[in-house]
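Student: Build me a structure from this.
(one chain, ligands or ions: 2)
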Amino acid sequence: MLSAGERHQPSVTPAVASSKLPHIMPDLEPNSKSSPSAMLSKPTDQSTVQHIWIVTGPAGCGKSTVGNGLSNELGVSFLEGDDYHNKSNKDKMGNGIPLTDEDRWDWLISLRKAAIDALSPSESNNFHRPAGVVVACSALKQKYRDVMRVAAYGSPSVQIHFIYLKLTEEVLMQRVSQRQAHYMKSDMVRSQLQALEEPKGEWDAITINVEGSQDQVQQRVFDAVHKKLEENQ
Ligand SMILES: Nc1ncnc2c1ncn2[C@@H]1O[C@H](COP(=O)(O)OP(=O)(O)OP(=O)(O)O)[C@@H](O)[C@H]1O
Ligand SMILES: O=C(O)[C@H](O)[C@@H](O)[C@H](O)[C@H](O)CO
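Tutor: Ligands and ions are numbered 1, 2, ... in the order given. Down below sits the predicted model:
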């Protein structure tokens with residue numbers, strides 16, 4: 001039974017919880033002041049909550065387009081996940097070689113750190129505490145989303161949300177093939193869809209059907225985000 005202000009944290013996949021992975025889980029002693037259970041019991045003043053909005057989905061689904069628009073709508077910064085891939089990953093994808101889990105861990109960890117850093121007052125936000133940050137990150141598998149979820153662990157004033165952009169393979173192929181000068185070509189789309197684990201049943205994920213014009217999709221996303229913010233009031 002959750003008390004007021006307490007939030008259920010989704011269980012992390014065993015792969016993420018196991019020690020085999022690079023150090024991606026915080027060393028929180030059980031029942032310490034900063035352990036998730038202790039922190040979760042503290043009611044959160046919603047006006048101080050900072051939201052991390054992660055726009056997810058396969059290459060070409062519209063993460064950058066939607067993410068940029070959402071960051072403008074919310075008046076927060078936007079982080080382009082592609083910018084955090086190292087050269088090796090970009091070369092692999094540009095050569096039509098799908099990334100592996102091992103290729104993605106460091107990328108996800110650096111993107112998560114950037115998202116956390118974006119929540120701090122800085123010159124870029126006139127030293128005000130931002131309301132949140134928008135991140136474009138494919139986060140194809142649940143264990144990748146679990147790596148990003150760690151950003152909210154140990155801090156009840158940070159809430160993470162996944163906005164999954166859902167579309168058919170046909171529409172996805174159309175968009176990627178029409179796109180100019182991008183290293184991800186249409187033959188890579190199938191590997192993205194093969195790796196994709198839709199966030200069904202993940203309570204912090206919102207699924208948006210993104211078939212329609214950019215304006216229609218953008219408004220659908222804005223409506224879902226504002227509804228989520230009102231729910232948290
Ligand atoms: N609703 C839409 N209708 C038609 N085209 C769209 C729509 N949204 C985005 N696009 C176009 O689809 C292409 C892919 O969009 P975008 O780059 O935002 O996807 P992405 O998920 O960020 O891709 P990647 O992960 O490969 O960077 C772009 O050419 C973009 O202009
Ligand atoms: O995990 C991955 O395979 C990549 O992040 C892709 O999903 C991105 O869309 C790619 O960066 C192209 O932009």
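Student: how close does the residue nearest the centre of the chain sit to Ser191?
Tutor: When the chain is reduced to its mean C-alpha position, the nearest residue by Cα atoms, centre = their mean turns out to be Ile54, at 2.7 Å. Applying Cβ to Cβ, to the nearest Å, the value for Ile54 to Ser191 is 21 Å. Every C-beta, even on glycine, is put in place using the N, C-alpha and C of the backbone.
Student: repeat for Val135
Tutor: 22 Å.
Student: Could you check which of these two is surrounded by more residues?
Tutor: The neighbour comparison of Val135 against Ser191 (other Cβ atoms under 10 Å) goes to Val135, with 30 against 17.
Student: That one falls within a helix, correct?
Tutor: No. Read with DSSP: H, G, I helix; E, B strand; the rest coil, Val135 is strand and lies in no helix.
Student: That one against Ser64, yeah?
Tutor: No. Assessed by Cβ atoms under 8 Å, Val135 is found out of contact with Ser64, at 10.8 Å.
Student: Would you map the strands across this protein?
Tutor: Using DSSP state E, the strands of the chain run over 50-56, 77-80, 132-136, 158-166, 205-209.
Student: Of those strands, flag the one that's most buried.
Tutor: The densest packing among the strands of the chain, expressed as mean neighbour count by mean count of other Cβ atoms under 10 Å, is seen in strand 132-136 with a mean of 27.
Student: what's in contact with that strand?
Tutor: Applying Cβ atoms under 8 Å, 6 or more residues apart in numbering, the external contacts of strand 132-136 come out as 50-55, 63-64, 66-67, 70-71, 74, 76-82, 111, 114-115, 118-119, 148.
Student: so which of the residues you listed also contact ligand 1?
Tutor: Lys63, Ser64, Asp82 (Cβ under 6 Å from any ligand atom).
Student: Tabulate these (a markdown table), appending pLDDT and neighbour count.
Tutor: Output for these, formatted as a markdown table (pLDDT from 0 to 100; neighbours: other Cβ atoms under 10 Å):
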| residue | pLDDT | neighbour count |
| --- | --- | --- |
| Lys63 | 97 | 27 |
| Ser64 | 97 | 16 |
| Asp82 | 96 | 20 |
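Student: Take those and lay them out in a markdown table including distance to Asp106.
Tutor: What follows is these, written out as a markdown table (distance: Cβ to Cβ, whole Å):
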| residue | distance to Asp106 |
| --- | --- |
| Lys63 | 20 |
| Ser64 | 21 |
| Asp82 | 15 |
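Student: from these, which are also near ligand 2?
Tutor: Restricting these to those near ligand 2 - Cβ under 6 Å from any ligand atom - leaves Asp82.
Student: Ligand 2: which of the ones next to ligand 1 among the contacts of strand 132-136 is nearest?
Tutor: Nearest to ligand 2 among those is Asp82, at 4.4 Å by Cβ to the nearest ligand atom.
Student: ok, that closest one - contacts?
Tutor: Per Cβ under 8 Å, 6+ apart, neighbours of Asp82: Ser64, Lys90, Ala136.
Student: Verify the contact between Ile54 and Ile163 for me.
Tutor: Yes. Counting by Cβ under 8 Å, Ile54 does reach Ile163; the two are 6.9 Å apart.
Student: next one: phi and psi at Pro199?
Tutor: Torsion angles at Pro199 (phi, psi; degrees, to the nearest 10) stand at phi -80, psi 50.
Student: tell me the contacts of it?
Tutor: So Pro199 contacts Thr56, Gln142, Arg145, Phe162, Tyr164, Ala205, Thr207 (Cβ under 8 Å, 6+ apart).
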